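**Student:** With the input below, show me the fold.
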Amino acid sequence: MTSLIQKIFKKETAVESAGILLLFSIIERIIQIFRGIIFARVLGPSEYGVFTLAFFFIPLVITFAKLGIPSCYARYAPQYEKKGMLGDFFRRNYLLTTGASVFFTVIALIFSKQVSEFIYDSTEYKHIIILCALTVVPYVLYENFLSSFTGLRIFKMGALLRFSQFIGFTALGITVVFIYPQAYYLILANLVSFIFVLTAFGFIVWKYILYSDSQDTKIREDDYYRKIFKYSIWLISFAIIEHLFKYTDRLMLNKFLGLEEVGIYSIALNVAQLLFFFGMIAGNVLMPNLSRIWENGEKSRVVSLLNLSIKINIFLLLFLAILISLFKDQIITLLYSDVYIKSVSVVDILLIFSLLTSANWTIGGYAGIIEKTYIHTVVMIIGLIGNVALNYFLIPLYQLEGAAVATTVSFIISFIVINYWFYREGLKLRLSTIFMYIIPIILLFNSIIMSIVFSLLIIIAFGTEFIITKNEKIILKQQMKKVFNRVKA
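**Tutor:** Numbers count the residues shown, from 1 in each chain. Sure thing, here's the model as predicted:
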């Protein structure tokens, strides 16, 4: 039993972490596509729109309830682990966030009618809001568990936790939706899946993290909470603003056009966000590992690794984006049915948005490393203002296309600002990295031009040193060799 626990809590290298997350992500994404197809087909555009907007409310309340604290685990867990204070570190934060989640649940229940009016433009969906509010406490505990494993660089446990919740919701959701084809019962299935994984993983977290014998030294810092909130307060603001940014298009589509258009637009987002699902792996793995490298004083190495990660990430995702773009009509028609065919018109635009969002996820951890998390908040405010304004003017004129253009253009503006800000803070991006930022524009051209340009990109990447330098290729070969040797062993 002891040896099994030691294996479970053995920290992975960056390459092993990426492999674990990639494996689970591929499996999850395949199942998620299958699940989404069933949900969309059985519910229909309008009810699918109701289901989609419910997941605007749940993460928004959870963002308040978490107080941004789980986001600091990747930064501070290694620090307190060295001091033997990990148990006290997590206990304090779990207790605080649980108390906050109870408070916000009560508030949401009291004002459920008003919330329904704001989100759905009707009080008819008050029962949806009540069920969403009851999801907050278990969801916050789940986020604490997940962030704890990430902060400790035990990615296999985090991946297993996430996968367990995912499979639980998938199995229960598919069963329920055929019996009761309504958004309400899918949200209920989601709540039950969180309760299930908390029960299953609760003992492990309690026994081996919260009350580990080797990590039970008490924290004696007078300014502990001040330090934590100084780090997390901007993450709260950023998460709220980012969430509002992400749902601005769908909220305003509902106001101008209705829930059916929200459902159709959401299908295009689902297809495009396949890129982000894989792209976020780099950011999730890099943050705790780069934090450790930074703590060792190797700042130039952090900058080099970020440049390399961004380029490789965009290169691989661009290949996937081109495949999706070439077959988007068939993907949506065959998988989701002709009812959602209007979503084809915005897929290419949203692919650019999703690809750059992935790049932003990769580079975004730099703000946490230099402990200037307010950068994200300031930049996202700029993006949110632009998104609201552009959606307000473009949706009445161009409907779905207007929403997609508004979201993508406003994000590009914020992306340019944050990269310039990071440059001023010491993150020197290479010309080849900037070039990779620009290249996704080929997704707006026809299939012939798009294919020719990407073929040239492959030749440049492997035949020259413009995109990937000789030293970077050596690093990649070394990492791939390590992975092969570990798998072989």
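**Student:** quick one: low-confidence parts of the stretch 351-489 of the chain?
**Tutor:** 479-489 (pLDDT under 70).
**Student:** got it, and the chain?
**Tutor:** Looking along the chain with the criterion set at pLDDT under 70, you get 1-22, 213-214, 277-289, 295, 479-489.
**Student:** Show the contacting residues for residue 425.
**Tutor:** For residue 425, the contacting residues are 366, 370, 372, 375, by Cβ atoms under 8 Å, 6 or more residues apart in numbering. No exception for glycine: its C-beta is placed from N, CA and C like everyone else's.
**Student:** separation between it and residue 376?
**Tutor:** 12 Å (Cβ to Cβ, to the nearest Å).
**Student:** And residue 181, by the same measure?
**Tutor:** Counting by Cβ to Cβ, the gap from residue 181 to residue 376 is 39 Å.
**Student:** Check residue 169 too.
**Tutor:** 29 Å.
**Student:** Counting neighbours, go ahead and name the busier of these two.
**Tutor:** Per other Cβ atoms under 10 Å, whichever of residue 169 and residue 376 has more neighbours is residue 376, with 23 against 20.
**Student:** Quick check: nearest residue in space to the more buried one, chain neighbours excluded?
**Tutor:** Leaving aside its chain neighbours, residue 376 sits nearest to residue 238 (4.0 Å; criterion: Cβ to Cβ, 6 or more residues apart in numbering).
**Student:** And the helix or strand containing residue 175, what's buried?
**Tutor:** Secondary structure from DSSP states H and E places residue 175 in helix 155-179. In terms of neighbour count (16 or more other Cβ atoms under 10 Å), helix 155-179 has its buried residues at 155-163, 165-170, 172-174, 176-177.
**Student:** next one: stretch 427-440
**Tutor:** In stretch 427-440, counting by 16+ other Cβ under 10 Å, buried: 427, 429-430, 432-433, 436-437, 439-440.
**Student:** Among those, which ones are in strands?
**Tutor:** Among the buried residues of stretch 427-440, no member is found in strands (DSSP state E).
**Student:** any chance of those residues in CSV, plus distance to residue 392?
**Tutor:** Formatted as CSV, the buried residues of stretch 427-440 follow (distance: Cβ to Cβ, whole Å):
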residue, distance to residue 392
427, 34
429, 33
430, 38
432, 38
433, 34
436, 32
437, 28
439, 31
440, 26
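**Student:** Where do the domain boundaries of the protein fall?
**Tutor:** 7-220, 235-489 (automatic domain parsing).
**Student:** how far does the first one sit from the chain's center?
**Tutor:** Its chain's average C-alpha position is 12 Å from that of domain 7-220, according to Cα atoms, centre = their mean, to the nearest Å.
**Student:** got it, and the longest one?
**Tutor:** Using Cα atoms, centre = their mean, the mean C-alpha position of domain 235-489 is found 11 Å from that of the whole chain.
**Student:** any idea how far residue 407 lies from residue 384?
**Tutor:** Plainly put, residue 407 is 11 Å away from residue 384 if you go by Cβ to Cβ.
**Student:** Mind listing the shared neighbours of these two?
**Tutor:** 245, 248.
**Student:** Check which element follows the longest helix seen in the chain along the chain.
**Tutor:** Counting residues, the longest helix found in the chain (DSSP state H) is helix 14-66. Per DSSP H and E, the first helix or strand lying C-terminal to helix 14-66 is helix 73-82.
**Student:** Against which helices or strands is that following helix packed?
**Tutor:** Applying 3 or more Cβ pairs under 8 Å, 6 or more residues apart in numbering; DSSP states H and E, we find helix 73-82 packed against helix 86-110, helix 136-151, helix 224-256, helix 274-295, helix 344-369.
**Student:** do you know which of those helices lies nearest residue 312?
**Tutor:** With Cβ to Cβ as the criterion, residue 312 lies closest to helix 274-295 of these, at 7.9 Å.
**Student:** The helix holding residue 175 vs helix 14-66, what angle?
**Tutor:** Counting by axes from the mean of the first three to the mean of the last three Cα atoms, to 10 degrees, helix 155-179 lies at 60 degrees to helix 14-66.
**Student:** Mind giving me the packing neighbours of the helix or strand just after helix 155-179?
**Tutor:** Next along the chain after helix 155-179, taking DSSP H and E as the criterion, comes helix 183-205. Using 3+ Cβ pairs under 8 Å, 6+ apart, the elements in contact with helix 183-205 are helix 14-66, helix 126-134, helix 136-151, helix 155-179.
**Student:** Tell me which of these sits most buried.
**Tutor:** helix 136-151 (a mean of 23; mean count of other Cβ atoms under 10 Å).
**Student:** Assess the claim that residue 200 and residue 163 are in contact.
**Tutor:** No: checked against Cβ atoms under 8 Å, the pair residue 200 and residue 163 is beyond contact range at 11.6 Å.
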